[in-house]
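Undergrad: Got a predicted structure here, sequence first:
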Amino acid sequence: MNRIIGSHDLLLVTLDTLRHDVAAELAAAGRIPHLARHLPGGRWEERHAPGSFTYASHQAIFAGFLPTPAAPGPHPRLFAARFAGSETTADGTYVYDTPDLVSALAKDGYHTVCIGGVGFFNKQGPLGSVLPGLFQESHWEPEFGVASPTSFEAQVTRAEQVVSRLPADRRLFLFVNVSALHQPNWFHLPGATREAGDTRATHAAALEYVDRHIGRLFAAASSRRPCFTIVCSDHGTAYGDDGYTGHRLGHPSVWTVPYAHFVLNPDRPQDPTPAEAAR
């Protein structure tokens, strides 16, 4: 990461509440072509979430603790605060002396922007202001939230506006918390009803909805220079698995999350061709 910081823009996308098994199934079935074209080998990496709900996971992520590979470690981290005895700080780790990654990047010349989604980013009270408050610029509107069937489109439009206003020579760290996967998500599946509620199938349909629009976000983020991009879930959620529903609980459906990182280049088209989309 030491070669990335300072030369690339940065994009961090958390697909809030996305389960690993659903993400992996859709990638394998060709149902998320816009995302899959960027996944190394066309597959998500299986990782363990640093928390079981949004607030806990994002506090950890912004402290440099991204989801951990789901295999025995230790696993070197991309970002880490400097502290003695760290077993996951390696030669290539971006090490900083601030309390969190966001302020470290700001100190190193990045303009830091948050486009929030779920309630912990809504800035409507003290708790909903903590995470957005880490950033120099933050955005949240009701149309970005969990109850909006067009939340991700609205978030992407705001991201495009943010990028277009930024001076070309100013480096950018853009964070987007995608709310579309979070309950309620029944409205993303044709024929589903509020009364029937959210299911694993409506969760999958929400990911397909995100996939249809994420090419615009990737294009905006990489329009000025190469963009190092992380796309991951902060935690999963249960839909009756072993009797559990929801998250903030200790179950594999919650702890196991998809992860990928890659570089977006300005000259690479971000949307699949019609033939690719049909596969």
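TA: Okay, I see it.
Undergrad: ok, residue 7 - contacts?
TA: Counting by CB atoms under 8 Å, 6 or more residues apart in numbering, residue 7 touches 225, 226. Where C-beta positions appear, they are placed from N, C-alpha and C, glycine not excepted.
Undergrad: Can you give me the distance of it to residue 225?
TA: 8 Å (CB to CB, to the nearest Å).
Undergrad: What ranges does the chain have for its helices?
TA: For the chain, applying DSSP state H gives helices covering 20-28, 33-36, 54-62, 101-107, 127-130, 151-165, 200-221, 252-255, 274-278.
Undergrad: quick one: contacts of the third one?
TA: Residues lying outside helix 54-62 but in contact with it, judged by CB under 8 Å, 6+ apart, are 12, 14, 16-17, 49-51, 100-102, 118, 120, 127, 130-131, 134, 177, 234-235.
Undergrad: Buried among the residues you listed? Need that as a selection in ChimeraX.
TA: Buried members of the contacts of helix 54-62, defined by 16 or more other CB atoms under 10 Å, are picked up in ChimeraX with:
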select :12,14,16,17,49,50,51,100,101,102,118,120,131,134,177,234,235
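Undergrad: Just the contacts of helix 54-62: which are in strands?
TA: Using DSSP state E, the subset of the contacts of helix 54-62 located in strands is 12, 14, 177.
Undergrad: which other residues reach stretch 112-123?
TA: Residues from elsewhere that reach stretch 112-123 (CB under 8 Å, 6+ apart): 16, 54-55, 58, 102-103, 105-106, 127-132, 134-140, 144-146, 151, 155, 158-159, 162, 172-180, 182.
Undergrad: Equivalent analysis for stretch 225-232, please.
TA: For stretch 225-232, the surrounding residues in contact (CB under 8 Å, 6+ apart) are 1, 4, 7-15, 35, 38, 47, 66-67, 78, 171, 218, 221-222, 257-266.
Undergrad: Give the rounded mean pLDDT of it.
TA: Throughout stretch 225-232, pLDDT has a mean value of 98.
Undergrad: ok, now stretch 109-116?
TA: Per-region confidence: stretch 109-116 scores 98 on mean pLDDT.
Undergrad: Keeping just the C-alphas, turn it into CSV.
TA: What follows is stretch 109-116, C-alpha atoms only, in CSV (Å, rounded to 0.1, in the frame of the first residue of the first chain):
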residue,chain,number,x,y,z
GLY,A,109,-3.3,15.2,1.4
TYR,A,110,-6.5,13.2,0.5
HIS,A,111,-9.9,14.8,0.5
THR,A,112,-12.0,12.4,2.5
VAL,A,113,-15.7,12.0,1.6
CYS,A,114,-18.4,9.8,3.2
ILE,A,115,-21.7,8.9,1.4
GLY,A,116,-23.7,7.2,4.0
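Undergrad: returning to what we had before: dump the ones in strands among the contacts of helix 54-62 into a markdown table; add distance to residue 198 and pLDDT as well.
TA: Shown next, in a markdown table, are these (distance: CB to CB, whole Å; pLDDT from 0 to 100):
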| residue | distance to residue 198 | pLDDT |
| --- | --- | --- |
| 12 | 26 | 99 |
| 14 | 19 | 99 |
| 177 | 19 | 99 |
